[in-house]
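Trainee: got a sequence here, can you build the structure:
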Amino acid sequence: MNKINDIASIIDRSPWFKNLPLEARQKLAAAAKIDNYPKNSFLFCMGDTSKHIYCLIGGRIRVSVTSSQGQELTLLDIEPEVWLGEAALYSDNGRVMQLQYKEAGQALSIQSNIVMEVGNQYPMMFSYMLKSQIFRTHSMYELLEGMVFYPLKSRLAQRILYFLQSHSEEADGGTYLDMKLSQQDFARLVFGSRQRINKIFRQWSEEGILVMKSNRCFIPDIARLEQEVEIEEE
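Mentor: Numbering: from 1, shown residues only. So this is what the prediction gives:
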């Protein structure tokens, strides 16, 4: 399949555009382009302005915010195929978060003025965008709830279970988390320290809940890990 057809199929699968008439989807596909991003590069940084919307089509991106003193707070990792950047349709304000590729990947982009032209012709598009944004906002609220109210062990178990939904590999006697994440990565994702994450992993290994095999998390029984979400920290 050539790149033109790749782009068309990505547009056709988009929750924003898949229900639009063929003419509209063809116009968006004709205006789209795909760019490569090396590991540790940024799709955009805090304060950047953009005239494009994006679809992640490869790699893994980390969403974070950074204070004026340089302190970084990781919010979440996002995977293909997620569409974002719709704020560019309505505002010239700078980005409030930064998106960095933790694994090399690609992104499809379309100029916001083209997207607006399609939306003005087919206003249903804005309804689809709103539904997508509501879902993403709900997920962010759940993340904030966990950060504020749940103990560290529960947050860590929740994150691993979340990643297992799309990055699991079945094996004899259990399931691998098929992602390359260091203890420091986990610490940033659950707002804890690497030392405390290491302590939890050691405890889980002793109890047979989660063990490390070939530098990957191996979960013998997912139900036992699910129980850790409810356990209160001492």
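Trainee: just the endpoints, please. Distance across stretch 13-21?
Mentor: Across its full length, stretch 13-21 reaches 13 Å between end residues, using Cα to Cα, to the nearest Å.
Trainee: ok, residue 210 - contacts?
Mentor: 160, 201, 204, 217-219, 225 (Cβ atoms under 8 Å, 6 or more residues apart in numbering). (Each C-beta comes from the backbone N, C-alpha and C, glycine too.)
Trainee: take those and keep only those in strands.
Mentor: 217-219 (DSSP state E).
Trainee: can you tell me which of these has the most neighbours?
Mentor: When neighbours are counted by other Cβ atoms under 10 Å, residue 219 leads the ones in strands among the contacts of residue 210 with 24 neighbours.
Trainee: double-check that residue 138 belongs to a strand.
Mentor: No: assigned with DSSP: H, G, I helix; E, B strand; the rest coil, residue 138 falls outside any strand and is helix.
Trainee: the nearest residue to residue 94 once chain neighbours are set aside: neighbouring residues, count only.
Mentor: Sequence neighbours aside, residue 47 is the residue nearest to residue 94 in space, at 4.0 Å (criterion: Cβ to Cβ, 6 or more residues apart in numbering). Per other Cβ under 10 Å, the neighbour tally for residue 47 reads 11.
Trainee: check residue 178 too.
Mentor: 14.
Trainee: state the distance from residue 34 to residue 28.
Mentor: For residue 34, the distance to residue 28 (Cβ to Cβ, to the nearest Å) stands at 13 Å.
Trainee: actually, residue 125.
Mentor: In terms of Cβ to Cβ, residue 125 sits 10 Å off from residue 28.
Trainee: who's more crowded, these two?
Mentor: Legend: neighbour count by other Cβ under 10 Å for residue 125 and residue 28, higher for residue 28 (25 against 20).
Trainee: who does the helix or strand the more buried one falls within touch, helix- and strand-wise?
Mentor: For residue 28, the element it lies in under DSSP states H and E is helix 22-31. Identification of packing neighbours for helix 22-31 by 3 or more Cβ pairs under 8 Å, 6 or more residues apart in numbering; DSSP states H and E yields helix 3-13, strand 105-111, helix 112-121.
Trainee: ok, and what's touching that helix?
Mentor: With Cβ under 8 Å, 6+ apart, helix 22-31 has contacts from 4, 7-8, 11-12, 17-18, 110-111, 114-115, 117-118, 121-122, 125.
Trainee: tell me the contacts of residue 102?
Mentor: Going by Cβ under 8 Å, 6+ apart, residue 102 touches 39-40, 59-62, 77, 185.
Trainee: let's go with 6 Å and repeat that
Mentor: Applying Cβ atoms under 6 Å, 6 or more residues apart in numbering, we find residue 102 in contact with 60, 62.
Trainee: would it count as being in a helix?
Mentor: No: assessed by three-state DSSP, residue 102 does not belong to a helix; its assignment is strand.
Trainee: what pLDDT does the residue nearest the centre of the chain get?
Mentor: The C-alpha lying nearest the average C-alpha coordinate of the chain belongs to residue 78 (Cα atoms, centre = their mean; 1.1 Å). Looking at residue 78, its pLDDT is 79.
Trainee: of the ones in strands among the contacts of residue 210, closest to residue 99?
Mentor: Nearest to residue 99, judged by Cβ to Cβ, of those is residue 217 at 24.6 Å.
Trainee: that's all I had, so thanks and see you.
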